[in-house]
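Undergrad: Quick check, what structure comes out for this input:
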Amino acid sequence: MKLSGIISLLQLEPLVEPGGVEFEVTTACGCDLMSDVLAFTQEKTLLLTGLTNPQVVRTAEMTGIKVIIFVRGKRPQQETIELAREKGIYLYLSPKPMFECCGLLYEKGLNSEEIRKII
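TA: Residues are numbered from 1 along each chain as shown. Next up, the predicted model:
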């Protein structure tokens, strides 16, 4: 799904857009536990979260996530916005709750992360 379509679908307010919005997002992850994000995400994943601290951006950078959406209208700290700008990570704000955002994305065909078995 193109990021431009996600922006209109979830009524996103852009906070940081370091480039164009016509690239493909293949999976989504709705999560507030950054340890789970580190364990289960992959590139081309969109992260939906209620956490607004700079650690979210640092976690995204480590996992190759390029798009973070803050749900429930939660506005991140200025430090978080500046770090995302520095790292080239897209930040958006959605007025919708995480459950609704995930449901809308799933309904439009965006896949969820496949859980990798940890042995």
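Undergrad: quick one, what contacts Val16?
TA: 81, 84-85, 89-91 (CB atoms under 8 Å, 6 or more residues apart in numbering). All C-beta spots, glycine's among them, are computed from the backbone N, C-alpha and C.
Undergrad: Nearest spatial neighbour of it, chain-adjacent residues omitted?
TA: Nearest non-adjacent residue to Val16, counting by CB to CB, 6 or more residues apart in numbering: Leu91, 4.2 Å away.
Undergrad: again with Lys87
TA: In this structure, Lys87 finds its nearest non-sequential neighbour in Glu61, 5.1 Å apart by CB to CB, 6+ apart.
Undergrad: what's the helix or strand for the one you found?
TA: Using DSSP states H and E, Glu61 maps to helix 54-63.
Undergrad: which two in the contacts of Val16 are spaced the farthest apart?
TA: Maximum pairwise distance among the contacts of Val16 (CB to CB): 11.4 Å, between Ile81 and Tyr90.
Undergrad: For these two, indicate the residue with more neighbours.
TA: Tyr90 (24 against 17; other CB atoms under 10 Å).
Undergrad: who touches the closest residue to that one other than its chain neighbours in this structure?
TA: Nearest residue to Tyr90 in three dimensions, chain neighbours excluded: Val67, at 4.5 Å (CB to CB, 6+ apart). Val67 sits next to 3, 6, 25, 46-47, 89-90, 92 when contact means CB under 8 Å, 6+ apart.
Undergrad: what do you get for Phe23?
TA: 2-3, 66.
Undergrad: Under the pLDDT cut-off, which ranges of the protein? List them.
TA: Scanning the chain with the threshold set as pLDDT under 70 gives 113-119.
Undergrad: after the host helix or strand of Pro14, next one along is what?
TA: Using DSSP H and E, the element containing Pro14 is strand 13-16. Using DSSP H and E, the next helix or strand after strand 13-16 towards the C-terminus is strand 27-30.
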